[in-house]
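Asks: this one's structure only:
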C-alpha cells in the first residue's frame, strides 16, 4: 500500500481485483466443465495459477500487478466450482460430506501455509542480503514479490497431481462413455454390480428430461434448489469470515499490535482454521450438515458481538489485545466447523447431475460476488462504520443465513445425489 500510495478504496481494489477474476472464472466454470470435463478444466486452473504467480512477482507497476491477480482469480473461480463438484461425483454417498470437506481443509491448509511463508519471508528480510539486485528486490526491499512468487510451487504441484486422477464417472455417463465410467466406478466401489447400479441411476435422472440445461434450471423443484443455493452462497460472505482472513493483519494493527505481532496473530488464526476444519471433516457425516450450521453460526454471532464490544469498549475498560485475539480465534473456530465446512458440500449435493456444472456456477457466482463486495468494502467499512459497527453488521447477517438453513434446506447426510435430486423434484 505504501509503495504504490494506495488509499482505502484502492487497497480494497487490490484485494477485490482477484475476486473480480474469480467471478469471471465462476461464470464459465460450469460451461467448461460440462463441455470439456472436470479434469481438463482443473488443468486450466493450474496453468492460470502459475501464470499469475510468476506475473505478480515480476510486475513493473500496480496495473500489471492487478492484471496478473485477475488472471489468478479466474483460476480460483474455476477451481472453486469444479473441485467440490468433482469430489461429490466420485465419492461414495456415506463419505461424500467428509470428502468434499477435504476441499475446505485444503483451503485452510493453503491459508496457513501462505501465512507461514509470508511470516518467514518477513522475518528473513530483516537480516538477509543478496549480491544480486533482483534477488535483493524480491526478498528484501520489495518482499511482497517473493510472497506472490512463492505461489508457483503449489501451482505446479496441483498441475502435476491432476494427471493422476480419473475423469468424473457421472460426467462420462452423461457423455455416453459408459465403458470408461464403469471402469472408474468399479475402482471406487470395488464391485462391477455397484458400478452398473450407479450408471443406471445416473441414466435414470438424466433421462427424466430432454430439455436444455437452462430450461431444466427453471423447472419448479430445480429452480427452488438453485435459488436457495444462491442465498446460501452470498449470505455466507456477509458474515465476516473473508474480512478476517483478508484483512486480519490490518485489523490487529488497528488494535495496537506491531506488524510482526499482527502477522503472527494471523498465523494463529490460520492454525485454528485448519485444525477446526480437520474436526469438521471428522464429524460432518456423523452430526449432519444442518446441526453443524445451527451450533456453529450461533457461536459466530456471540463471537462477533464480543469483537464489536471490544472495539467499542475495550480501550475504556483497559482490556489487553489478547482478548481480541481470543474472540477472533473463537469466531474462526465456529465458522470453520460450520459454514466453511458445509457450504461447498451443500452446493455440490443440491445441484442435479445433468445441470450440476451450470447450477454450481450460478451459486458460485453469487458467492464470489459477495466475496468481492466484502473484499472491496471492508477497508471502507472499518474506516466509516468503525470496526465495532462492521462486526455488529456481520453478526446481524448470521441470522437470515441460519433461518434459510432451518426452513428451506433438507438434511442431505447419507443420501445419494440421485435421492437428493428426487427430493427437489417432489417438492416443487
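Replies: Structure received. The structure presented is a predicted model; accordingly, all values stated were derived computationally and were not measured. Numbers count the residues shown, from 1 in each chain.
Asks: Tell me where the stretch 301-428 of the chain has helices.
Replies: Using DSSP state H, counting those that start in this stretch, the helices of the stretch 301-428 of the chain run over residues 321-336, 339-350, 356-384, 386-408, 417-426.
Asks: Kindly apply the preceding question to the stretch 51-200 of the chain instead.
Replies: Secondary structure of the stretch 51-200 of the chain, counting by DSSP H, counting those that start in this stretch: helices at 62-90, 96-125, 133-136, 144-149, 152-162, 169-174, 178-189, 192-206.
Asks: Now do stretch 264-280: distance to the chain's middle.
Replies: Taking Cα atoms, centre = their mean, to the nearest Å, one finds stretch 264-280 lying 15 Å from the centre of the chain it belongs to.
Asks: still on that earlier bit, how about a markdown table for the helices of the stretch 51-200 of the chain, with mean pLDDT, mean neighbour count and distance to residue 378 added?
Replies: (Glycine included, C-beta is placed from N, CA and C.) What follows is the helices of the stretch 51-200 of the chain, written out as a markdown table (pLDDT from 0 to 100; neighbours: other Cβ atoms under 10 Å; distance: least, Cβ to Cβ, whole Å):
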| stretch | mean pLDDT | mean neighbour count | distance to residue 378 |
| --- | --- | --- | --- |
| helix 62-90 | 91 | 23 | 17 |
| helix 96-125 | 83 | 19 | 17 |
| helix 133-136 | 84 | 12 | 33 |
| helix 144-149 | 89 | 19 | 19 |
| helix 152-162 | 94 | 15 | 26 |
| helix 169-174 | 90 | 24 | 37 |
| helix 178-189 | 92 | 17 | 42 |
| helix 192-206 | 85 | 16 | 41 |
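Asks: how many other residues sit next to the nearest residue to residue 99 once chain neighbours are set aside?
Replies: Leaving aside its chain neighbours, residue 99 sits nearest to residue 91 (4.3 Å; criterion: Cβ to Cβ, 6 or more residues apart in numbering). Residue 91 has 18 neighbours, counted by other Cβ atoms under 10 Å.
Asks: Now do the phi/psi pair for residue 91.
Replies: When read as degrees, to the nearest 10, the backbone of residue 91 gives phi -90, psi 140.
Asks: Contacts only, for residue 314.
Replies: 323-324 (Cβ atoms under 8 Å, 6 or more residues apart in numbering).
Asks: Number the chain from 55, please
Replies: Sure thing, new numbering starts at 55, so read that last one as residue 368.
Asks: Could you check how far residue 155 is from residue 332?
Replies: 9 Å (Cβ to Cβ, to the nearest Å).
Asks: before we move on, what about residue 170?
Replies: Computed as Cβ to Cβ, the residue 170 to residue 332 distance reads 17 Å.
Asks: And residue 303, by the same measure?
Replies: 24 Å.
Asks: for residue 366, same thing?
Replies: With Cβ to Cβ as the criterion, residue 366 and residue 332 are 34 Å apart.
Asks: Quick one: closest of the helices of the stretch 105-254 of the chain to residue 100.
Replies: Residue 100 lies closest to helix 206-216 among the helices of the stretch 105-254 of the chain, at 3.6 Å (Cβ to Cβ).
Asks: and the helices of the stretch 355-482 of the chain, which is most packed in?
Replies: helix 393-404 (a mean of 26; mean count of other Cβ atoms under 10 Å).
Asks: Remind me what that helix packs against, helices and strands.
Replies: For helix 393-404, the helices and strands in contact under the criterion 3 or more Cβ pairs under 8 Å, 6 or more residues apart in numbering; DSSP states H and E are helix 116-144, helix 150-179, helix 274-291, helix 313-341, helix 343-371, helix 410-438, helix 471-480.
Asks: Hmm, residue 443 is touching residue 437, no?
Replies: No. At 10.7 Å, residue 443 and residue 437 do not qualify as touching, with contact defined as Cβ atoms under 8 Å.
Asks: Near residue 59, how many other residues are there?
Replies: If we define neighbours as other Cβ under 10 Å, then residue 59 has 8 of them.
Asks: List the residues that contact the residue nearest to residue 339 when sequence neighbours are not counted.
Replies: With sequence-adjacent residues excluded and distances taken as Cβ to Cβ, 6+ apart, residue 339 is closest to residue 151, at 4.4 Å. By Cβ under 8 Å, 6+ apart, residue 151 lies in contact with 338-339, 343, 399, 466-467.
Asks: Would you tell me which of the helices of the stretch 355-482 of the chain gets closest to residue 225?
Replies: helix 410-438 (8.4 Å).
Asks: The closest one: how far from the chain's middle?
Replies: Helix 410-438 has its C-alpha centroid displaced from the chain centroid by 11 Å (Cα atoms, centre = their mean).
Asks: in stretch 100-110, what's buried?
Replies: Using 16 or more other Cβ atoms under 10 Å as the test for burial, stretch 100-110 gives 100, 102-110.
Asks: who touches that stretch?
Replies: 79, 118-119, 121-123, 125-130, 132, 199, 202-206, 208-210, 212-213, 216.
Asks: give me that answer again for 10 Å
Replies: Residues from elsewhere that reach stretch 100-110 (Cβ atoms under 10 Å, 6 or more residues apart in numbering): 72, 75, 79, 118-133, 198-199, 201-216.
Asks: what does stretch 165-177 give?
Replies: Stretch 165-177 has contacts (Cβ under 10 Å, 6+ apart) with 182, 192-194, 197-205, 207-208, 299, 302-303, 313-314, 317-329, 331.
Asks: and of the helices of the stretch 355-482 of the chain, who's closest to residue 59?
Replies: Residue 59 lies closest to helix 410-438 among these, at 14.7 Å (Cβ to Cβ).
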